[in-house]
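Chemist: no sequence for this one, just the structure:
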């Protein structure tokens, strides 16, 4: 009985940490790989006293809207609560950025 409780609590904590990590990623408009790339770019830009901004970060509210599919549907809560056959935004090869001509697109 005690062993099962310990396993349950441990799994609850680990799943909570995983949920927190992915919430932060969505909030910042990043994937887990982009998180490390953006960290490297920020360090590179700091060497030259420049500010780096993630080109896919539209602000926390717009990031969540894009993640949940709110920008394309009239009834967003129905889209979240019920299964949907709507495809993702774009063609899967190119994505909209905050500014396509920004200096942040330089190689880091």
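Modeler: Looks like it arrived, so ask away. Since the structure is predicted, the reported quantities are computational estimates derived from the model, not experimental observations.

Chemist: Would you state the helices of this protein in chain order?
Modeler: Secondary structure of the chain, counting by DSSP state H: helices at 2-28, 32-47, 60-68, 76-81.

Chemist: What are the neighbouring residues in contact with residue 11?
Modeler: Applying C-beta atoms under 8 Å, 6 or more residues apart in numbering to residue 11 gives no contacts. For the C-beta atoms, the positions are set from N, CA and C on the backbone; glycine is no exception.

Chemist: ok, back up a step: of the helices of the chain, which is nearest residue 90?
Modeler: Smallest distance to residue 90 across these (C-beta to C-beta): 10.4 Å, for helix 60-68.

Chemist: what angle sits between that closest one and helix 2-28?
Modeler: Angle of helix 60-68 versus helix 2-28, following axes from the mean of the first three to the mean of the last three C-alpha atoms, to 10 degrees, is 110 degrees.

Chemist: Use 750 as the first number for this chain going forward.
Modeler: Sure, I'll start numbering at 750, so the last one becomes helix 809-817.

Chemist: quick one: buried residues of helix 809-817?
Modeler: Under the neighbour-count criterion of 16 or more other C-beta atoms under 10 Å, helix 809-817 has 812, 815 buried.

Chemist: do you know how far the residue minimising distance to the centre of the chain is from residue 806?
Modeler: When C-alpha atoms, centre = their mean is applied to the chain, the residue found nearest the centroid is residue 775 (2.7 Å). Counting by C-beta to C-beta, to the nearest Å, the gap from residue 775 to residue 806 is 11 Å.

Chemist: Equivalent analysis for residue 796, please.
Modeler: For residue 796, the distance to residue 806 (C-beta to C-beta) stands at 21 Å.

Chemist: These two - which one has more neighbours?
Modeler: More neighbours surround residue 806 than the other of residue 796 and residue 806, with 17 against 7 (other C-beta atoms under 10 Å).

Chemist: low-confidence ranges in the protein?
Modeler: Within the chain, the stretches with pLDDT under 70 are 820-825, 833-838, 849-857.

Chemist: Recalculate using a threshold of 80.
Modeler: Applying pLDDT under 80 to the chain flags residues 817-841, 848-857.

Chemist: rewinding a little: need the residues touching each of residue 775 and residue 806.
Modeler: Residues touching both residue 775 and residue 806 by C-beta under 8 Å, 6+ apart: residue 812.
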